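Undergrad: got a predicted structure plus its sequence, pasted below:
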There are 2 protein chains.
Amino acid sequence: MSLLGIDLGGTKAAFALFDDGGNLLQKDTYLLGKRKGSEVGSLITSNITRHLHAQDKSDPVKSVGISVPGISHSRQGTVWAPNIGEWENYPLLKEAKSVSGDIPVTIDSDRACSILGELWKGNAQGCLDAIFITVGTGIGAGILTSGEILRGASDIAGAVGWMGMKKPFLEKFRSCGCFEYYASGTGITRLAAEEAREVKGYKGVLSPENNKDYSCNDVFAAYEDGDPVAVRAINQVVFYWGMASANLVSIFNPEKVIFGGGVFGPARPLIPLIRKEAENWAQPVSMKGVSFEASSLSGDAALIGAGCLALRKVKEKKQF
Amino acid sequence: MSLLGIDLGGTKAAFALFDDGGNLLQKDTYLLGKRKGSEVGSLITSNITRHLHAQDKSDPVKSVGISVPGISHSRQGTVWAPNIGEWENYPLLKEAKSVSGDIPVTIDSDRACSILGELWKGNAQGCLDAIFITVGTGIGAGILTSGEILRGASDIAGAVGWMGMKKPFLEKFRSCGCFEYYASGTGITRLAAEEAREVKGYKGVLSPENNKDYSCNDVFAAYEDGDPVAVRAINQVVFYWGMASANLVSIFNPEKVIFGGGVFGPARPLIPLIRKEAENWAQPVSMKGVSFEASSLSGDAALIGAGCLALRKVKEKKQF
């Protein structure tokens, strides 16, 4: 039996075949380019068709799992994906099923798929209670409780980027949430820009005169070089990551908190500092019992999780 | 079939018989007085025995549920209850089973029982995803996700009193958590005392000269009279309750957030203000879908939940 996992992101789509042990047999990646709406849908359906037709007859694809960059409305089969044009309420399940025939298709959010990926092949193997915090352009969390994905009443649980972390409320938090405002990839460059104005006489690589369009990675590079603005910005973001992960530890009492997404990446060496900050805030017994780790799946957590989603559907039992 | 629900608190224990429709048939309450350790255990076992012997033979007790003011270690059958002397690791399950014979005994925390009580007979009826925030001497939450109680890896999920809500970390948060420090019953009197020192020339009912030992209820009474110190303190606590409940809404996407415990009570009329603060912070779609309500069970949520715990054990299916 093989499984087709699809990871749709904001800029690309990856298609991978897995065996039921979670080994990746084959992988293709396509940039979305200017595709939007049904063009993105067609990219997915044509690749499902290709995989179903091209497959080894002795080892057919038995199930398809799709990770989407937004919300999977599980009852309606529709997807809201803010970074894909015209995907406010896209009927992905219906389209995928139109080409998959009898083979089941399951869709879930990238954050849900990421923790499933860690559960299947990564650092959450054997866990019943674990959290994947994904930090990229935005912030979200995939949360496993008693072996099940936390969904909420309308499939939008895990929106941890909206966590409030300081008083008072500021209007700038309204479009993305307080935690995400400060501690996403975008937030890090924003903090660095603020600090560059604060540090008197600063003329370093993060000063507006030297570089108007620096990225989050530039801030991390400057941090490693001891740049004072970068150090102040990263110290702040470590504070926010620490307090936020502490809050999740107190609320969920998980076995693991796993950090992933593009920012972890360069932020991996900061995990011990994040843990130290979290130890200040969290319920102490829960804190003692939890491990903080980076994703071990090299950015493939959601793709592997899509394969796992496909497998769980076939097995119709949800624990490993 | 009848069910015996027991609500052990820090100062008293209540014993109630329920029918399987959740109707309360009989209730007795005992003050714990100076009881500690096995004396509290004996109070429970002797009342279990009394109920099993005295019962109507045509309608026997089929199951016992016990709510405890602390942590129920479900695998070990032991209880940690900080407000009961010598209950660091009390073998309550073994003791209760020694008198219950073939009748099952189930133990859970008061916060888990409170949301079960709301699910069975209160404002969470019909919900799969709901949160009971209990505010008394401390703060905790009973959390229902997809119809199941959130337990965590070691039964201490829901410790929301430890939520961090402002920077920086202060040593005074270390023993109880930041949210609890400011927004528990104890926290409210603490905030009022701080504000009384802040407001210049204040000579009102909450000034240290007039009243050294005022309670949380005194602060609410002064608030209703428009006392400026009480207004400042209550506005602050509304902020914390609003931000904390918003965080839970963003994380869990629940149908209901229910406020209970001794402080709600007098804080009930503040729920619309709490909601207004929460609307600033929370993920907007989740916020739109959630209802904020006070417990409708007049302080009996945990007791009724203990009855529900007993019923769930008998039915061996966990959803209503």
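TA: It's in. Numbers count the residues shown, from 1 in each chain, chains lettered A, B, ... in the order given.
Undergrad: could you measure from whatever residue of the stretch 51-200 of chain A ends up closest to chain B over to residue B:254?
TA: Nearest to chain B, among the residues of the stretch 51-200 of chain A, is residue A:152, at 2.6 Å (C-beta to the nearest C-beta). Quick note: C-beta positions are derived from backbone N, CA and C, even for glycine. Note on residue A:152: its distance to residue B:254, by C-beta to C-beta, to the nearest Å, is 7 Å.
Undergrad: same deal with residue A:34?
TA: 39 Å.
Undergrad: assign the nearest residue to residue A:209 once chain neighbours are set aside to helix, strand or coil.
TA: Leaving aside its sequence neighbours, residue A:209 sits nearest to residue A:203 (C-beta to C-beta, 6 or more residues apart in numbering or on different chains; 7.3 Å). With DSSP: H, G, I helix; E, B strand; the rest coil as the basis, residue A:203 sits in coil.
Undergrad: swap in residue A:83?
TA: Following three-state DSSP, residue A:83 is assigned to coil.
Undergrad: indicate the residue of the stretch 201-320 of chain A located nearest to chain B.
TA: residue A:253 (2.5 Å).
Undergrad: thinking again about what came up before, got a pLDDT number for the residue nearest to residue A:209?
TA: Listed pLDDT for residue A:203 reads 90.
Undergrad: likewise for residue A:55?
TA: On the pLDDT scale, residue A:55 is placed at 62.
Undergrad: cool, residue A:170 as well?
TA: Listed pLDDT for residue A:170 reads 96.
Undergrad: contacts only, for it.
TA: Applying C-beta atoms under 8 Å, 6 or more residues apart in numbering or on different chains to residue A:170 gives the contacts residue A:178.
Undergrad: so it versus residue A:199, what's the distance?
TA: Distance of residue A:170 to residue A:199, computed by C-beta to C-beta: 22 Å.
Undergrad: equivalent analysis for residue A:129, please.
TA: Separation of residue A:129 from residue A:199 (C-beta to C-beta): 42 Å.
Undergrad: what do you get for residue A:193?
TA: Residue A:193 sits 11 Å away from residue A:199, taking C-beta to C-beta as the criterion.
Undergrad: residue A:123 too?
TA: Residue A:123 sits 37 Å away from residue A:199, going by C-beta to C-beta.
Undergrad: equivalent analysis for residue A:54, please.
TA: Using C-beta to C-beta, residue A:54 is found at 58 Å from residue A:199.
Undergrad: the more surrounded of those two?
TA: Of the pair residue A:54 and residue A:199, residue A:199 is the one with more neighbours under other C-beta atoms under 10 Å in any protein chain shown, namely 16 against 10.
Undergrad: need the residue closest to the centroid of chain A.
TA: Nearest to the mean C-alpha position of chain A, counting by C-alpha atoms, centre = their mean, stands residue A:134 at 3.9 Å.
Undergrad: hang on, that one packs against residue A:261?
TA: Yes - the pair residue A:134 and residue A:261 passes the contact test of C-beta atoms under 8 Å, sitting 3.8 Å apart.
Undergrad: need the overlap of contacts for these two.
TA: Common neighbours of residue A:134 and residue A:261 (C-beta under 8 Å, 6+ apart) do not exist.
Undergrad: quick one: buried residues of the lengthiest helix in chain A?
TA: In terms of residue count, the longest helix belonging to chain A (DSSP state H) is helix A:228-252. In terms of neighbour count (16 or more other C-beta atoms under 10 Å in any protein chain shown), helix A:228-252 has its buried residues at A:229-230, A:232-234, A:236-252.
Undergrad: does any part of stretch A:187-194 sit near chain B?
TA: No - Stretch A:187-194 stays clear of chain B (C-beta under 8 Å from any C-beta of the partner chain), getting no nearer than 13.1 Å.
Undergrad: contacts for that stretch next, please.
TA: With C-beta under 8 Å, 6+ apart as the test, stretch A:187-194 has contacts from A:180-182, A:206, A:208, A:214-216, A:218-219, A:222, A:229-230, A:233-234, A:236-237, A:263.
Undergrad: for the helix or strand where residue A:17 lies, the distance to its chain's centre please.
TA: Element membership of residue A:17, judged by DSSP states H and E, is strand A:12-19. Chain-centre distance of strand A:12-19: 16 Å, with C-alpha atoms, centre = their mean, to the nearest Å.
Undergrad: could you list every helix and strand in contact with the next helix or strand after that strand?
TA: As assigned by DSSP H and E, the chain's next helix or strand after strand A:12-19 is strand A:24-31. Under the contact definition 3 or more C-beta pairs under 8 Å, 6 or more residues apart in numbering or on different chains; DSSP states H and E, strand A:24-31 sits against strand A:12-19, helix A:37-54, helix A:301-315.
Undergrad: each with direction, which strands does the helix or strand encompassing residue A:134 pair with?
TA: Here residue A:134, judged by DSSP H and E, is contained in strand A:130-135. Using DSSP bridges, the strands paired with strand A:130-135 in its sheet are strand A:139-145 (antiparallel), strand A:256-260 (parallel).
Undergrad: break chain A into its domains for me.
TA: Chain A breaks down by automatic domain parsing into domains covering A:2-118+A:299-315, A:125-294.
Undergrad: for chain B, what are the nearby residues on the stretch 1-150 of chain A?
TA: By C-beta under 8 Å from any C-beta, the residues of the stretch 1-150 of chain A that approach chain B are A:128, A:129, A:141, A:143, A:145, A:146, A:148, A:150.
Undergrad: out of these, who has the most neighbours?
TA: Going by other C-beta under 10 Å, residue A:143 tops the residues of the stretch 1-150 of chain A next to chain B with 29 neighbours.
Undergrad: ok, what's across the strand from residue A:14?
TA: Residues in beta-bridge contact with residue A:14 (DSSP bridges): residue A:7, residue A:29.
Undergrad: hmm, residue A:24 and it touching each other?
TA: No - Residue A:14 is beyond contact range of residue A:24, at 10.4 Å (criterion: C-beta under 8 Å).
Undergrad: export the strands paired with strand A:130-135 as TSV, with columns for distance to residue B:117 and mean pLDDT.
TA: Shown next, in TSV, are those (distance: least, C-beta to C-beta, whole Å; pLDDT from 0 to 100):
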stretch	distance to residue B:117	mean pLDDT
strand A:139-145	21	97
strand A:256-260	31	98
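Undergrad: who wins for proximity to residue A:105 among those?
TA: Nearest to residue A:105, of all the strands paired with strand A:130-135, is strand A:139-145, at 19.7 Å by C-beta to C-beta.
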